[in-house]
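Engineer: Fold the following for me, if possible:
(one chain, ligands or ions: 1)
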Amino acid sequence: MKAVAIKRGQGQEKAAGFQEIGTVRCDGCGEEFFIGHDPAFVDKWLADRQAHWLETVLAEEHERGKKHSDRIELPE
Ligand SMILES: [Zn+2]
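Structural biologist: You can find the predicted model right below:
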């Protein structure tokens with residue numbers, strides 16, 4: 001796994017091994033997720049696309065009344 005989104009305030013141990021490359025704030029509840037890449041595969045362009053994908057996923061979870069996960073795997 002090379003890319004994850006991790007909810008802020010969950011403790012640094014969940015972010016271990018990942019380099020932060022972006023942040024996504026959920027419009028529905030204001031929770032923030034940071035996007036982390038494997039330090040060997042940091043890709044800003046990909047992170048921007050993943051941020052957009054994550055915004056959509058978070059909005060869908062609100063529509064379905066589903067809670068956000070603390071950790072979300074991102075597509076490559
Ligand atoms: Zn939300």
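Engineer: could you pull out the helices for the chain?
Structural biologist: Along the chain, the stretches classed as helices by DSSP state H are 44-64.
Engineer: Can you pull out the low-pLDDT segments for it?
Structural biologist: Applying pLDDT under 70 to the chain picks out residues 1, 10-14.
Engineer: which bits of it sit near the ion?
Structural biologist: For the chain, the contact set with the ion under C-beta under 5 Å from the ion comprises 26, 28-29. (Glycine included, C-beta is placed from N, CA and C.)
Engineer: do that again at 8 Å, thanks
Structural biologist: Taking C-beta under 8 Å from the ion as the contact definition, the chain meets the ion at 26-31, 58-59, 61-62, 68.
Engineer: Going by neighbour count, which of those residues comes out on top?
Structural biologist: Counting neighbours by other C-beta atoms under 10 Å, the top entry in the residues of the chain next to the ion is residue 58, with 21 neighbours.
Engineer: isn't that residue right up against residue 28?
Structural biologist: Yes - the criterion here is C-beta atoms under 8 Å, and residue 58 meets it with residue 28 at 6.5 Å.
Engineer: got the contact list for the most centrally placed residue in the chain?
Structural biologist: Note on the chain: the residue nearest the mean C-alpha position is residue 5, at 2.2 Å, using C-alpha atoms, centre = their mean. Neighbour list for residue 5: 24, 33-36, 50, 54, 71-72, 74 [criterion: C-beta atoms under 8 Å, 6 or more residues apart in numbering].
Engineer: mind checking how far it is from the ion?
Structural biologist: As judged by C-beta to the ion, to the nearest Å, residue 5 and the ion stand 12 Å apart.
Engineer: That residue pairs with what?
Structural biologist: When bridges are called by DSSP bridges, residue 5 pairs up with residue 35, residue 72.
Engineer: residue contacts, residue 46?
Structural biologist: 3, 37, 76 are the contacts of residue 46 under C-beta under 8 Å, 6+ apart.
Engineer: what do you get for residue 31?
Structural biologist: 7-8, 25, 68.
Engineer: Thanks a lot, see you next time.
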